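Q: what would the 3D arrangement of this be:
(2 chains)
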Amino acid sequence: GAVVSQHPSRVICKSGTSVKIECRSLDFQATTMFWYRQFPKKSLMLMATSNEGSKATYEQGVEKDKFLINHASLTLSTLTVTSAHPEDSSFYICSAPKVAGISQETQYFGPGTRLLVL
Amino acid sequence: GESVGLHLPTLSVQEGDNSIINCAYSNSASDYFIWYKQESGKGPQFIIDIRSNMDKRQGQRVTVLLNKTVKHLSLQIAATQPGDSAVYFCAETLYNQGGKLIFGQGTELSVKP
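A: Sure thing, here's the model as predicted:
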């Protein structure tokens, strides 16, 4: 199957600093990628849709100035958590859809990035 | 639907038994549904999917049932194994629209050897 990677897998940072998380589709191109956030023992919450070459689309309640998304190429989307605070500590997961054939599309998920803000 | 504020329900089964995990979805317009398995500290892994023009689909040891009338999905795992222990999520979306997935609240499956 297709592979989506994330980097870093874990990051610990001080409050007030910014953290960049990368999401890459390794063997296919993705004009769209999705970013999710997951708290312990909870479900995945969609944060935003990352669009190659244009602005990201944010879900209601997600601060676009807090979570900056850049989709600079067909294989890379980045999520930057700006001025991180302890409440931003979470598991961040990206996904990318891969089209296989005329009418089948499958979402592939990255392994996630664990962010801890001290 | 979305699961803000809800804690994961749990299901504990004996190895070899069948497991049934249920999910209610929120959007009547959703026409594509997927079950994912998530192990601790990892991203979701695709298990099986179903489109709204079907009410049942079978895979290897897994079966998904869809009841559109009551907006309900279930995942049946036959002969559950310890390696099946994980959190299982259903997700809904619009088929082939490059669409975003809306995840259900998830169920934690624990398999006792």
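Q: wait, doesn't residue B:100 sit right on residue B:93?
A: Yes. Residue B:100 is within contact range of residue B:93, at 6.6 Å (criterion: CB atoms under 8 Å). Every C-beta, even on glycine, is put in place using the N, C-alpha and C of the backbone.
Q: those two - which one has more neighbours?
A: residue B:93 (23 against 20; other CB atoms under 10 Å in any protein chain shown).
Q: report how many residues lie close to the residue nearest to that one when sequence neighbours are not counted.
A: Excluding its sequence neighbours, the residue lying closest to residue B:93 (CB to CB, 6 or more residues apart in numbering or on different chains) is residue B:99, at 4.3 Å. By other CB under 10 Å, 19 other residues sit near residue B:99.
Q: now swap in residue A:85 and tell me
A: Around residue A:85 there are 11 other residues, counting by other CB under 10 Å.
Q: give the contact list for the nearest residue to it once chain neighbours are set aside.
A: Take residue A:85 and drop its neighbours on the chain: the residue closest to it by CB to CB, 6+ apart is residue A:15, 5.5 Å away. Residues counted as contacts of residue A:15 (CB atoms under 8 Å, 6 or more residues apart in numbering or on different chains) are A:84-86, A:117-118.
Q: can I get these in CSV with pLDDT?
A: Formatted as CSV, the contacts of residue A:15 follow (pLDDT from 0 to 100):
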residue, pLDDT
A:84, 97
A:85, 96
A:86, 96
A:117, 97
A:118, 96
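Q: can you tell me which of these has the most neighbours?
A: Neighbour-wise, these (other CB under 10 Å) top out at residue A:84, 22 neighbours.
Q: how far away is the residue nearest to that residue when sequence neighbours are not counted from chain B?
A: Among residues not flanking residue A:84 along the chain, residue A:117 sits closest, at 4.5 Å (CB to CB, 6+ apart). Distance of residue A:117 to chain B, computed by CB to the nearest CB, to the nearest Å: 18 Å.
Q: quick one: residue A:117 and residue A:86 touch, right?
A: Yes. When contacts are counted by CB under 8 Å, residue A:117 is listed as touching residue A:86 (5.0 Å).
Q: who does the helix or strand of chain A with the lowest mean pLDDT pair up with?
A: One helix or strand of chain A scores below all others by mean pLDDT, DSSP states H and E: strand A:105-109, with a mean of 83. Sheet pairing for strand A:105-109, assigned by DSSP bridges, gives strand A:90-99 (antiparallel).
Q: what about chain A, any weak spots by pLDDT?
A: A:1-2, A:100-105 (pLDDT under 70).
Q: repeat that with 90
A: A:1-3, A:27-28, A:31, A:40-41, A:53, A:72, A:97-107 (pLDDT under 90).
Q: contact residues of it facing chain B?
A: A:1, A:4, A:6, A:31-32, A:34, A:36, A:41-46, A:49, A:91, A:93, A:95, A:97, A:103-112, A:114 (CB under 8 Å from any CB of the partner chain).
Q: does residue B:61 touch residue B:77 like I think?
A: Yes. Counting by CB under 8 Å, residue B:61 touches residue B:77, with 6.1 Å between them.
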